[in-house]
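Enquirer: make a model of this:
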Amino acid sequence: MLGNLALALGPWSVRLADCGPVSSAFWRLALALPLLALFARRAGQPLGGLTRKGWLAVAAAGVLFALDLASWHLGIERTRLGNATLFGNSGSVILMVWGLIALHRRPRKGEWAALAFALGGAAILLGRSVEIGTRTLTGDLFCILAGFLYTFYILLLQSARVRTGHWTLLFHATLAGTLVLLAIGILRGEPVIPQGHWPHAWWPLVVLALGSQVIGQGLVVYALRHFSTLFIGLALLSQPAVAVLVGWFVFHESLVPIDLLGMVLVGAGLVLARGSSGSETVAAD
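Expert: The predicted structure is shown next:
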């Protein structure tokens, strides 16, 4: 939940960054790399030692994550903050269904309730916060694409997570994604270096790197070992609720009782999912 809270606050920093949207995604990863390497070393997790299959999985995950961030940051620039976060988590439903397929079983009674509450709450928030129109359509489509890319990024990491420490895994996926984002930013002709003065031009990028990549992604990847894919997918649905609160406090967007009902339903779904999933995990091939 802390990881998802940090990730939900990321679009705020992207809006404040004094460089291109894809370039801000590049700095999110690049500034986090030294810390990820340090954490891996302190945890006794060597940065090498992956099998050929492991290297391929991590590299593919890094590429997908880079494309996810590029698409999402482009969407953030073109639509509302609430739209970006809601649509950026559109792949959560696929992740939950995939978890049940991987376990070769039907949802239990508590999981049906968890799915109903979480999806019902997310639908309420979506209906209240998202305004699809010609002005935001392009941004919304970019964010929906990002949600699907992030789903497959999580699945690839879960496959490699069975055999690798989470800091090592996140370091290599971040490294691969950094190179891809730098190439995309240059090809788009974006200003890669922030245009303002130090330190004002850099603090949104530093906050983005620490909050989203180190804390947010670090905690989510760590959680992959301890929870089922079903619960991870449900937890991702908490981000839209956080986005609505940020929009209310920071951007003065309206918050009415129906929004609160959506948040309560999402929270109830998370509690039920935790109680029913136990220690069950998915070990992908």
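Enquirer: now the helix or strand encompassing Ala146: buried residues?
Expert: If you go by DSSP states H and E, Ala146 is part of helix 137-161. Going by neighbour count (16 or more other CB atoms under 10 Å), the buried part of helix 137-161 is 139-147, 149-161. From N, CA and C alone the C-beta is placed, and that goes for glycine too.
Enquirer: then stretch 237-250?
Expert: 237-244, 246-247.
Enquirer: run through who's touching it.
Expert: 1, 4-5, 7-9, 11-12, 80-82, 84-86, 88-89, 92, 118-119, 121-122, 125-126, 128-129, 253-255, 259, 262-263, 266-267, 269-270 (CB atoms under 8 Å, 6 or more residues apart in numbering).
Enquirer: try stretch 197-206
Expert: 13-14, 16-19, 24, 27-28, 31, 194-195.
Enquirer: off-centre distance for it?
Expert: Relative to the mean C-alpha coordinate of its chain, stretch 197-206 is positioned 23 Å out (CA atoms, centre = their mean, to the nearest Å).
Enquirer: how many neighbours does Ala183 have?
Expert: 13 (other CB atoms under 10 Å).
Enquirer: if I look at it, how far off is Leu67?
Expert: According to CB to CB, to the nearest Å, Ala183 and Leu67 sit 11 Å apart.
Enquirer: check Tyr222 too.
Expert: 23 Å.
Enquirer: between these two, who's got more neighbours?
Expert: Here Tyr222 and Leu67 are compared on neighbour count by other CB under 10 Å; more neighbours surround Leu67, at 20 against 16.
Enquirer: how about His104, secondary structure?
Expert: Under DSSP: H, G, I helix; E, B strand; the rest coil, His104 falls in the coil class.
Enquirer: count of neighbours near it?
Expert: Residues contacting His104 under the criterion other CB under 10 Å number 6.
Enquirer: renumber starting at 238 from here on
Expert: Taking 238 as the first residue, the last one we looked at is His341.
Enquirer: dihedrals phi and psi, it?
Expert: Backbone torsions of His341, given as degrees, to the nearest 10, read phi 60, psi 50.
Enquirer: tell me, what's the model's pLDDT at Leu467?
Expert: Looking at Leu467, its pLDDT reads 68.
Enquirer: about what we covered before: any idea how far the helix holding Ala383 is from the chain center?
Expert: The answer for helix 374-398 is 8 Å, by CA atoms, centre = their mean.
Enquirer: how about stretch 432-446?
Expert: Distance of stretch 432-446 from the chain centroid (CA atoms, centre = their mean) equals 21 Å.
Enquirer: send me that stretch as CSV with only the CA atoms.
Expert: Taking C-alpha atoms only, stretch 432-446 is exported to CSV below (Å, rounded to 0.1, in the frame of the first residue of the first chain):
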residue,chain,number,x,y,z
GLN,A,432,15.8,24.1,-18.5
GLY,A,433,15.5,26.0,-15.2
HIS,A,434,18.1,26.8,-12.5
TRP,A,435,19.5,24.5,-9.8
PRO,A,436,18.0,23.3,-7.5
HIS,A,437,14.5,24.3,-8.4
ALA,A,438,14.6,22.6,-11.8
TRP,A,439,15.8,19.4,-10.4
TRP,A,440,13.8,18.8,-7.3
PRO,A,441,10.7,17.4,-9.0
LEU,A,442,12.9,14.9,-10.8
VAL,A,443,14.6,13.9,-7.6
VAL,A,444,11.2,13.4,-5.9
LEU,A,445,10.0,11.4,-8.8
ALA,A,446,13.0,9.1,-8.7
